[in-house]
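predicted model follows, preceded by the sequence.
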Amino acid sequence: MRIAFISPFSPLKGGIARFSGLLEEALRKQGNDVFSVPFRALYPNFTAKSVEVPVPDNVRLVLYNPLSWLGTIRHIKSLKPDILLVAYWTGFLAPLFFVLHRMIGVRMVVLLHNFSSHESFIWEPLMQKLLVASADGFLTLSDAVSREVRAAISNIPLLTLFHSVYEPEGELPSAVDARRELNIDVHSPVLLFYGYVRHYKGLDTMLCAMPAILEREPALRLVVAGQFYEDLLGFRTLIDQLGIGENVDLYPGYVSAERSALFFAAADAVVLPYRNATQSGVVQLAYGYGLPVIVTPVGALPEMVRPGQTGWIARDTSSDGFAEAVGEFLDNRKGLSSMRSSIEAYRRDFSWEAFAASASSFLETIVARR
């Protein structure tokens with residue numbers, strides 16, 4: 001097939017850009033001609049979400065500029081694709097995809113990272129209806145998202161897949177070297193909170209769980225590495241109020257691949273105390289580094305964890321519930337090395353090759369529909 005793939009791609013930052021780049025490569029290995037149609041920008045420069053990155057001059061598409069959509073439509077038509085594959089995670093994308101579908105005149109499959117935005121807005125229900133009206137099929141990454149789609153429209157072709165595992169980029173330092181660089185004792189249990197810090201990700205829940213956790217294990221360290229979209233000073237104030245400053249290390253800002261390897265090498269487990277979620281690329285990144293995860297029972301996170309084998313699931317989203325789950329991790333810390341074989345088996349089951357093979361077959365059925 002000739003597939004026009006509309007999505008953020010590198011050099012734009014974020015998990016969806018990385019996901020799309022790896023999927024593009026895997027779809028090509030399945031024998032498809034894949035033409036990436038990247039975004040030059042998603043949000044205006046005055047928003048907190050914008051990130052200044054150097055983008056090639058021939059990249060046209062700007063989400064917030066409908067005039068750029070016209071040039072993109074001409075470009076995609078010149079490619080003569082059999083199908084459009086579009087990455088969707090927020091309602092702001094729905095008008096663009098509606099226009100592309102109508103103006104280009106080929107079938108469109110939506111790769112649905114989220115059906116409902118993590119941070120919803122007043123027009124989102126309307127945008128969801130617009131998306132459903134535009135789509136010829138959906139690829140989802142979890143049962144939770146598929147259920148949302150089926151509630152909105154019951155008779156559209158839909159394939160539920162999974163979030164593939166992210167393999168480490170570059171050489172991984174030893175745990176001893178990583179901890180030495182981060183000034184962490186080699187014997188301390190280390191938990192990592194990684195990625196964008198937004199309200200729904202529950203960093204405050206994790207911090208409020210720390211006093212109870214430290215009663216059990218005073219040497220435990222929490223490392224927080226990622227770009228803050230909430231008030232950093234507020235978190236520093238909370239840490240001071242809780243009296244946990246000696247056990248929490250904050251590394252605010254974008255984390256490069258090299259620095260990511262350092263943080264994951266130093267950690268024993270990755271924590272996701274989310275208030276709500278669909279799936280999470282952080283889970284798959286942790287597995288790529290061979291680390292177990294500790295998650296809350298929200299969205300598709302429980303689908304991504306094999307309890308006692310690849311991680312632990314908290315009883316609820318409270319700080320007490322999460323502290324209990326961390327306690328299970330501490331109780332089983334001596335068995336972490338044996339969990340690596342279970343995590344390795346998970347990595348094989350959820351490979352990019354398996355995802356691309358299933359996705360290719362699904363896209364072929366959409367192209368062949370009459």
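Nice, thanks for sending it over.

could you check stretch 175-191 and say which residues are buried?
Under the neighbour-count criterion of 16 or more other C-beta atoms under 10 Å, stretch 175-191 has 175, 178-179, 182, 184, 189-191 buried. C-beta coordinates here come from the backbone N, C-alpha and C atoms, glycine included.

redo those residues as CSV? Include distance to residue 230 and pLDDT.
Below are those laid out as CSV (distance: C-beta to C-beta, whole Å; pLDDT from 0 to 100):
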residue, distance to residue 230, pLDDT
175, 30, 94
178, 27, 96
179, 28, 97
182, 23, 96
184, 25, 97
189, 26, 96
190, 23, 97
191, 19, 98
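
specify which member of these is nearest to residue 143.
Using C-beta to C-beta, residue 191 is the member of the buried residues of stretch 175-191 that sits closest to residue 143, with 27.6 Å.

just confirm the closest one is within a strand.
Yes. Judged by DSSP: H, G, I helix; E, B strand; the rest coil, residue 191 forms part of a strand.

against residue 223, how distant is it?
From residue 191 across to residue 223, the span is 7 Å (C-beta to C-beta, to the nearest Å).

and what of residue 140?
Using C-beta to C-beta, one gets 32 Å for the distance from residue 140 to residue 223.

please enumerate the shared neighbours of residue 191 and residue 223.
Residues touching both residue 191 and residue 223 (C-beta atoms under 8 Å, 6 or more residues apart in numbering) are residue 267.

which stretches of this protein aren't confidently modelled?
Applying pLDDT under 70 to the chain picks out residues 45-57, 118-120.

quick check, central residue of it?
In the chain, the centroid-proximal residue (C-alpha atoms, centre = their mean) is residue 281; its distance is 3.1 Å.

tell me who's in contact with that residue.
Per C-beta under 8 Å, 6+ apart, neighbours of residue 281: 15, 18-19, 163, 166, 195.

can you tell me which of those is nearest residue 354?
Of these, the one sitting nearest to residue 354 (C-beta to C-beta) turns out to be residue 163, at 12.0 Å.

just checking, that closest one touches residue 284?
Yes. Contact criterion C-beta atoms under 8 Å: residue 163 and residue 284 qualify, at 5.1 Å.

could you pull out the residues contacting both of these two?
304, 350.

can you show me the strands along the chain?
Taking DSSP state E as the test, the strands found in the chain are 2-7, 33-41, 61-62, 83-88, 107-112, 137-140, 158-160, 190-194, 221-226, 248-252, 269-272, 293-295, 311-313.

deepest in the core, which of those is it.
When you average the neighbours per residue for each of these (mean count of other C-beta atoms under 10 Å), strand 269-272 leads with a mean of 26.

for it, which strands pair with it and how are they oriented?
According to DSSP bridges, strand 269-272 forms sheet pairs with strand 190-194 (parallel), strand 293-295 (parallel).

tilt between the first one and strand 221-226?
Taking axes from the mean of the first three to the mean of the last three C-alpha atoms, to 10 degrees, one finds strand 190-194 and strand 221-226 inclined to each other by 20 degrees.

residues near residue 257, how many?
For residue 257, the neighbour count with other C-beta atoms under 10 Å is 11.

nearest spatial neighbour of it, chain-adjacent residues omitted?
Of all residues not flanking residue 257 in the chain, residue 169 sits nearest, at 4.1 Å (C-beta to C-beta, 6 or more residues apart in numbering).

separation between that neighbour and residue 263?
13 Å.

quick one: the helices in the stretch 201-350 of the chain?
Along the stretch 201-350 of the chain, the segments classed as helices by DSSP state H, counting those that start in this stretch run 203-216, 232-242, 257-266, 281-288, 319-331, 336-349.

now render these as CSV, adding distance to residue 72.
Formatted as CSV, these follow (distance: least, C-beta to C-beta, whole Å):
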stretch, distance to residue 72
helix 203-216, 37
helix 232-242, 37
helix 257-266, 29
helix 281-288, 26
helix 319-331, 44
helix 336-349, 36
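
tell me the most buried of these?
Of the helices of the stretch 201-350 of the chain, helix 281-288 is the most buried (mean count of other C-beta under 10 Å), at a mean of 24.

that helix to strand 190-194, inter-axis angle?
Going by the same axes, to 10 degrees, helix 281-288 makes 140 degrees with strand 190-194.

distance from helix 281-288 to the middle of the chain?
9 Å (C-alpha atoms, centre = their mean, to the nearest Å).
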